[in-house]
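Enquirer: Just a sequence and a predicted model for now, questions to come.
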Amino acid sequence: MRKMQTLAPHTTQLHPQFIKDAAGASLVVLPRDEYETLIVALEDLEDVMLYDQAMREDNGERILLADYIKTRGKNA
């Protein structure tokens with residue numbers, strides 16, 4: 001049996017069950033709460049990656065929210 005895995009930086013431990021379907025393909029089953037924790041962690045990671053990308057691409061240009069709202073409908 002495999003050792004329990006820790007999802008860093010979260011403290012939730014995963015308890016995967018490895019099974020095979022009728023065709024012999026390997027599948028992993030997780031308890032729902034562990035699955036949901038994993039999804040939240042992945043969404044958090046995606047947010048960090050998008051932030052990092054935005055910071056790399058930042059050219060320092062800024063516009064006022066009111067100006068953005070005025071032009072938003074014109075580009076649709």
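Expert: Perfect, I can see it now. This one's a predicted model, so the numbers in the text were calculated from it and none came from an experiment.

Enquirer: Determine the longest helix present in the chain.
Expert: helix 32-57 (DSSP state H).

Enquirer: Enumerate the positions of that one that are buried.
Expert: For helix 32-57, a neighbour-count test (16 or more other CB atoms under 10 Å) marks 34, 37 as buried. No exception for glycine: its C-beta is placed from N, CA and C like everyone else's.

Enquirer: How far does the following helix or strand past it sit from its chain's centre?
Expert: Toward the C-terminus, helix 32-57 is succeeded by helix 65-72 as the next helix or strand (DSSP states H and E). Here helix 65-72 is found 30 Å from its chain centre; the criterion is CA atoms, centre = their mean, to the nearest Å.

Enquirer: buried ones in helix 65-72?
Expert: Under 16+ other CB under 10 Å, helix 65-72 has no buried positions.

Enquirer: where in this protein is pLDDT low?
Expert: Across the chain, residues meeting the criterion (pLDDT under 70) sit at 1-11, 75-76.

Enquirer: Where does Leu27 fall, secondary structure wise?
Expert: With DSSP H and E as criterion, Leu27 is part of strand 26-29.

Enquirer: What are the contacting residues of that strand?
Expert: Contact partners of strand 26-29, identified using CB atoms under 8 Å, 6 or more residues apart in numbering, comprise 16-21.

Enquirer: That strand - which strands sit beside it in the sheet, and in what orientation?
Expert: Using DSSP bridges, the strands paired with strand 26-29 are strand 17-20 (antiparallel).
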